[in-house]
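Peer 1: Next input, structure requested:
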Amino acid sequence: MKRTPLDPQTKASVLLEAVPWLRTYKGATMVIKYGGNAMVNDELKRAFAQDILFLHQVGVRPVVVHGGGPQINAMLKRLGISSEFRGGLRVTTPEVMDVVRMVLTGSVQRELVSLLNTDGSAAVGISGEDGGLLRARQRLATVDGNKVDVGLVGDVVDVSPQPIIDLLDQGRIPVISSVAPLTTDSETVLNVNADTAAAAIAVALKARTLLMLTDVEGLYSAWPDRSTLVPFISTAALEELLPTLEAGMIPKMEACLRAVRGGVGQAHVVDGCQPHAMLLEIVTDQGVGTVIHPGDAPVPPLNGGKSL
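Peer 2: Residues are numbered from 1 along each chain as shown. Purely as a prediction, here's the structure:
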């Protein structure tokens, strides 16, 4: 992607604008859910790694939680293993779960750790299985109003954050794969949604911020009308809006809602298809996505956008 060089005055203005935001976030824990198109495009992968490293170097404590749906689909196809979705959830047989674990912990995670360690060795890969980090219970899908068994699929119900805290205190960047053992049987591992895992981890860490990378600019009050992007929304307003959202956005916004109501300062939803969108959202006055806030203080709209 060709970029237009900035003149020196503009560069200085950008840096000065970032200073108060960097001061606000210094020493704060930030949980970032990495997914979507940002995981399959090489330029976006590099931009994401650069943003994480920048935040780490200026004193933020980033924690990355990742899924890997596109990579799992590709590997299943390569191995000739059929896979279907029911009620929006992947039917996960033991055979499919072996592929999920292999792809998430052995491929996606390793690639991301390598990208983050290009200029050092700050990143460390772990999974929800390690150190008792995550525990999950089995989840059923809802199809036509009926509960349906979809196999080894779960929801995170318990987080033991000490392994993450230990890494952060050592100056590391934890990179977490979204698989978790069953609460009643540690040898049975479940495929868990990375959005909900990231939210649960953010709450357990008492994080300052949860940031979700998606394939759209943020939350729209009337999708697909892009003029209805909502820069700020309270948890109360979001709860009212949830039933009207597109199916693919509901789990992400539910996760943001749970995180903020669980004590996380704010949640952000940004477009992972735009290089450095995460950094622009965090360290500029205008931002580029949607902020979900507790609603206990007024938050002004930006750029004439609608605030709810």
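Peer 1: Distance across stretch 88-104, terminal residue to terminal residue?
Peer 2: End-to-end distance for stretch 88-104, by Cα to Cα, to the nearest Å: 19 Å.
Peer 1: neighbouring contacts of it?
Peer 2: Under the criterion Cβ atoms under 8 Å, 6 or more residues apart in numbering, residues 66-69, 71-72, 75-76, 79, 81, 83-85, 127, 139, 141, 150-153, 177-179, 189-191, 247, 251 lie in contact with stretch 88-104. Bear in mind the C-beta positions are built from the backbone N, C-alpha and C, glycine included.
Peer 1: which of these are buried?
Peer 2: For these, a neighbour count by 16 or more other Cβ atoms under 10 Å gives the buried set as 66-69, 71-72, 75-76, 83, 127, 139, 141, 150-153, 177-179, 189-191, 251.
Peer 1: mind listing which of those residues are in helices?
Peer 2: In this view, the buried ones among the contacts of stretch 88-104 that belong to helices under DSSP state H are 69, 71-72, 75-76, 251.
Peer 1: wait, doesn't I282 sit right on L211?
Peer 2: Yes - counting by Cβ atoms under 8 Å, I282 does reach L211; the two are 7.4 Å apart.
Peer 1: overlap in contacts of the two?
Peer 2: Shared contacts of I282 and L211, counting by Cβ under 8 Å, 6+ apart, come down to 30, 268.
Peer 1: Which strands or helices does the helix or strand where A47 lies pack on?
Peer 2: Secondary structure assignment for A47, by DSSP states H and E: helix 42-57. Counting contacts by 3 or more Cβ pairs under 8 Å, 6 or more residues apart in numbering; DSSP states H and E, helix 42-57 packs against strand 29-34, strand 61-66, helix 109-116, helix 277-283.
Peer 1: right, and the ones you listed - which one's nearest G145?
Peer 2: Set against G145 and scored by Cβ to Cβ, the helices and strands packed on helix 42-57 come closest in strand 29-34, at 29.5 Å.
Peer 1: Greatest separation within the ones in helices among the buried ones among the contacts of stretch 88-104: which pair is it?
Peer 2: Using Cβ to Cβ, the two most remote members of these are M75 and P251, lying 22.6 Å apart.
Peer 1: which helices and strands does the top strand by length along the chain pack with?
Peer 2: Ranked by residue count under DSSP state E, the longest strand found in the chain is strand 146-159. For strand 146-159, the elements it packs on are strand 89-90, helix 94-103, strand 134-143, strand 179-182, strand 185-192, helix 194-205, judged by 3+ Cβ pairs under 8 Å, 6+ apart.
Peer 1: Find the centremost residue of the chain, please.
Peer 2: For the chain, K33 is the residue whose C-alpha lies nearest the centre (Cα atoms, centre = their mean; 1.3 Å).
Peer 1: which residues sit in contact with that residue?
Peer 2: Shown here is K33, whose contacts under the criterion Cβ under 8 Å, 6+ apart are 65-67, 194-195, 198, 210-213, 255.
Peer 1: try 6 Å
Peer 2: Taking Cβ atoms under 6 Å, 6 or more residues apart in numbering, we find K33 in contact with 65, 194-195, 198, 212.
Peer 1: on that earlier part again, between the ones in helices among the buried ones among the contacts of stretch 88-104, which sits nearest P20?
Peer 2: In terms of Cβ to Cβ, no member of these lies closer to P20 than P251, at 33.2 Å.
Peer 1: what about the closest one, distance to K147?
Peer 2: From P251 across to K147, the span is 17 Å (Cβ to Cβ, to the nearest Å).
Peer 1: ditto for G295
Peer 2: Between G295 and K147 the computed distance is 33 Å (Cβ to Cβ).
Peer 1: so where is the stretch 1-150 of the chain shaky, pLDDT-wise?
Peer 2: In the predicted model of the stretch 1-150 of the chain, residues 1-15 satisfy pLDDT under 70.
Peer 1: can we see that at 80?
Peer 2: 1-22, 36-38, 88, 119-121 (pLDDT under 80).
Peer 1: do the same with the stretch 151-300 of the chain
Peer 2: In the stretch 151-300 of the chain (pLDDT under 80), the answer is 221-224, 247-248, 283-287, 295-300.
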